[in-house]
Each structure stands twice: as structure tokens, then as C-alpha cells.
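1. need a structure here:
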Amino acid sequence: MSKPQTEWLYLKTNQFNISGTYGIILLGFTIRELKLPLDHSTIDDQTLIKLVAQATPDALEELYRRYNRLVYSLALNIVTERTAAEEITLDIFTKVWEKAATYRPERAQVKTWLVSLTRNRAIDWLRREGVRVDGSSVSWTQILPENSPPSTSNPVRDTEAKFQQERIRAAVAQLP
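-> This is a model prediction of the structure:
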């Protein structure tokens, strides 16, 4: 069950203006406040980010409701670990709470901004953990043929031995 919206939108005006949406009340020329509940589910993403920048918890909750699955699934796709993807999702929305004022609508949509933050955070996690991005790294023992053990010889000695063999073959070839 969803908790009731507790935030209120305060409207102030000193000019005659009637809005069907908010029902501004004017008595003479006195400024009056009208408290109306604010339904965040009907607000566009850019306005939500502005409200988050003003430390509005319900706006962050709505942003999380809209985008948590996208952020989580992208993080999971990159890091391939559920707990890490959950941690990254939490980090992203914490960062949104702290840095919402840095969002620039002229540079990207909110969704694109969140995807970019998530991708960068997931890659940072991979770097910190020392994991290859492709997730399909193999060891040398998997590449070598089954019956041949990995070489423990010295390349310098191997090269010298090869030259020695060539000299011996050349000497044998000259024998009568």
C-alpha cells in the first residue's frame, strides 16, 4: 500500500490569476496561501529533478519508482552480480539526491543522465574489483592443448638450443 502524499504545494500570488488546476484564491489585494497536495506521479522528470534539488523526498521517491528497474538492470548487465547491482542502484539514487542541482536539461534527458551515471558507476566498480568488462576471460591453461603442460623453459635457452640444432643439421649435411 502506498503512503499518502504528505507534501504540499504552496502558491502565492499578488495578482488576479485563476488556474483551474490549483484554484488560486484572492481576497482583495491580500496575498493568501492555498495548500494543495502535490501528486508527483503526474510531474515530468525535469521538474522532479528540480524538486529533488530542493530536497523533496517524495520527488526522489517518484524518480526511484520510475527508474529503479532501469538502473538496476543496467548495473546487473554490466557487473553480473546482484548484490553489486543493488549497491550501485542505491549509490546512483543517493548521488541523484546529493547532486540533482548539477543536472543540465540542455545536455541530456533525465533518463539518459541516470543511464550515464549508472554505466560510469558500474565500470568504476569493475575497475575496483579488478574484473574484466567482457566477463569471459580465460586462463592460459584453458587455451593450451590438454596434453601439453605450460612451458617452464627460458626463451633465451630455447632460442640458443634452436640455433645449436640448426648448426648440427648443417654440419651433418656436409658429412660425406
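
2. how many residues are close by the residue nearest to V96 when sequence neighbours are not counted?
-> Using C-beta to C-beta, 6 or more residues apart in numbering and skipping residues adjacent in sequence, the residue nearest V96 is V52, 6.3 Å away. All C-beta spots, glycine's among them, are computed from the backbone N, C-alpha and C. Neighbourhood size, V52 [other C-beta atoms under 10 Å]: 26.

3. equivalent analysis for W97, please.
-> 17.

4. would you check that it makes contact with A53?
-> No. Counting by C-beta atoms under 8 Å, W97 sits too far from A53 to count as a contact (9.3 Å).

5. ok, back up a step: flag every buried residue along the helix or strand hosting the residue nearest to V96.
-> Assessed by DSSP states H and E, V52 sits inside helix 45-53. Buried residues in helix 45-53, defined by neighbour count with 16 or more other C-beta atoms under 10 Å: 45, 48-53.

6. next secondary structure after the longest helix along the chain?
-> Using DSSP state H, we find that the single longest helix of the chain is helix 57-79. Per DSSP H and E, the first helix or strand lying C-terminal to helix 57-79 is helix 82-99.

7. who touches the following helix or strand past that following helix?
-> Downstream of helix 82-99, the next assigned helix or strand under DSSP H and E is helix 110-129. For helix 110-129, contacts defined as C-beta atoms under 8 Å, 6 or more residues apart in numbering pick out 45-46, 48-49, 63, 67, 70-71, 74-75, 78-79, 84-85, 87-89, 91-92, 95-96, 103, 107-108, 132-133.
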